[in-house]
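Student: Sequence isn't available, so here's the structure alone:
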């Protein structure tokens, strides 16, 4: 049907209001499973320390009746460990005009950007704490301090293929040599790898209760043989509940909560072009903490012109109480 002549339509009209939704959609991941499950403590210096100790090896050697002592066993001192705090920061500057004009989706540009910066900062800490496999950096006037991330500490209980790994002997894994580096082709994550590492943790005295993996390997764990037939007692439920999904993995040495972490898809430059994001971690949440020197805060900076300046920051470090409490499976396929 033809349009009647002189029909006024939207193509000719002026002054039609925009239809812009008052909703801003952002589905970027903001959950931080590693930070949310481990402990916290305060830090009072840029370098913070803690101590470890170990019992003597168990012995079945008896002594005779009336035994006297002519010599004594040497006392083994505790071991001091430490890590450095690093600063993570986000900043933004908003013109006075942008702050004043009517906007869709937010009343205040400064407020909106401040909330966004806080989320981004927490994401950055999650990636640095969990996936940074390089050693700590002491820092200098022109060089930022770097806290040794979780994998940078792990060396006792590990199953790995086609990687080099840390071999530090001092109180802190420091320097470029203390780094996980990938080479060659990653191998598929198998149940045998998990069982081997879990057994290593048990023999070392560790009791990890969490297996943290990336999205891809979460599906791999769900397909491990024996998962569906494993039975797990749940308080107040039936005497035994069949686990159909790998939210709980029942091993010979304890149960593991299988926790996916989206940030495993982040690629960390581990130095010398070595990129590592193909991990699976066995974690005892009681044996690792975030040490905070300066908590998450948003500072209002001095106004020197027609703009609002903000700086979001935190200063923190990672405390791995005893690395032998945890385990790592490295060099596995991640996609």
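Tutor: Right, received. Where do you want to start? The shown structure was predicted, so the numbers you read here are calculated from the model rather than taken from an experiment.

Student: Now do the strands in the stretch 1-150 of the chain.
Tutor: Using DSSP state E, counting those that start in this stretch, the strands of the stretch 1-150 of the chain run over 39-42, 47-52, 79-84, 86-95.

Student: Packed most tightly, which of the ones you listed would that be?
Tutor: Per-stretch averages of neighbours, counted by mean count of other CB atoms under 10 Å, single out strand 79-84 among these, with a mean of 19. C-beta coordinates here come from the backbone N, C-alpha and C atoms, glycine included.

Student: Counting by contacts, list what that one packs against.
Tutor: Contacts defined by 3 or more CB pairs under 8 Å, 6 or more residues apart in numbering; DSSP states H and E place strand 79-84 against strand 47-52, strand 307-320.

Student: Compare those strands and give me the one nearest residue 258.
Tutor: Judged by CB to CB, the one of the helices and strands packed on strand 79-84 that comes nearest to residue 258 is strand 307-320, at 21.3 Å.

Student: helix or strand right after the closest one?
Tutor: strand 327-330 (DSSP states H and E).

Student: That following strand pairs with which strands, and in what direction?
Tutor: Applying DSSP bridges to the sheet, strand 327-330 is found paired with strand 158-160 (parallel), strand 279-283 (antiparallel).

Student: can you give me the mean pLDDT across the first one?
Tutor: Averaged over strand 158-160, pLDDT sits at 89.

Student: Flag every buried residue along stretch 121-140.
Tutor: Across stretch 121-140, burial judged by 16 or more other CB atoms under 10 Å covers 121-137, 139.

Student: what's the span of stretch 61-72, first residue to last?
Tutor: 16 Å (CA to CA, to the nearest Å).

Student: With stretch 33-42 instead?
Tutor: The first and final residues of stretch 33-42 sit 20 Å from each other (CA to CA).

Student: Stretch 156-172 now?
Tutor: Using CA to CA, the distance between the terminal residues of stretch 156-172 is 15 Å.

Student: and residue 61, how far is that from residue 67?
Tutor: Look at residue 61 and residue 67: by CB to CB, to the nearest Å, they are 11 Å apart.

Student: between the two, which one's more packed in?
Tutor: Between residue 61 and residue 67, counted using other CB atoms under 10 Å, residue 67 has the larger neighbour count: 7 against 4.

Student: how about that one, phi and psi?
Tutor: With angles defined as degrees, to the nearest 10, residue 67 sits at phi -60, psi 130.

Student: Over to residue 199?
Tutor: When quoted as degrees, to the nearest 10, the phi and psi of residue 199 stand at phi -70, psi -40.

Student: Ignoring the adjacent residues along the chain, who's closest to it?
Tutor: Leaving aside its sequence neighbours, residue 199 sits nearest to residue 253 (CB to CB, 6 or more residues apart in numbering; 6.2 Å).

Student: any chance you could map the helices in this protein?
Tutor: 33-37, 96-100, 109-131, 150-153, 191-204, 215-222 (DSSP state H).

Student: I'd like those helices as a markdown table, with mean pLDDT appended.
Tutor: Formatted as a markdown table, those follow (pLDDT from 0 to 100):
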| stretch | mean pLDDT |
| --- | --- |
| helix 33-37 | 93 |
| helix 96-100 | 90 |
| helix 109-131 | 91 |
| helix 150-153 | 90 |
| helix 191-204 | 96 |
| helix 215-222 | 90 |
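
Student: ok so, going back, out of the helices and strands packed on strand 79-84, which is the most enclosed?
Tutor: By mean count of other CB under 10 Å, the helices and strands packed on strand 79-84 have strand 307-320 as the most buried, with a mean of 21.

Student: Given that one, what are its sheet partners and their directions?
Tutor: If you go by DSSP bridges, strand 307-320 pairs up with strand 86-95 (antiparallel), strand 288-300 (antiparallel).

Student: Can you tell me, leaving aside adjacent residues, what's nearest to the spatially most central residue of the chain?
Tutor: Central residue of the chain (CA atoms, centre = their mean): residue 130, 2.7 Å from the mean position. Nearest residue to residue 130 in three dimensions, chain neighbours excluded: residue 34, at 4.3 Å (CB to CB, 6+ apart).

Student: Wait, that neighbour touches residue 212, no?
Tutor: Yes - applying CB atoms under 8 Å as the test, residue 34 and residue 212 come out as touching, 6.7 Å apart.

Student: Identify the contacts common to these two.
Tutor: Here residue 34 and residue 212 have 130, 261, 283 as joint contacts, going by CB atoms under 8 Å, 6 or more residues apart in numbering.

Student: check contacts around residue 89.
Tutor: 121, 311-313 are the contacts of residue 89 under CB under 8 Å, 6+ apart.

Student: out of the residues you listed, what pair is the most spread apart?
Tutor: Largest separation among the contacts of residue 89 by CB to CB: 121 and 311, giving 10.4 Å.

Student: between the two, what contacts are shared?
Tutor: Both residue 121 and residue 311 are contacted by 89-90, under the criterion CB under 8 Å, 6+ apart.

Student: Run a quick neighbour tally on residue 331.
Tutor: If we define neighbours as other CB under 10 Å, then residue 331 has 27 of them.

Student: Good, wrapping up.
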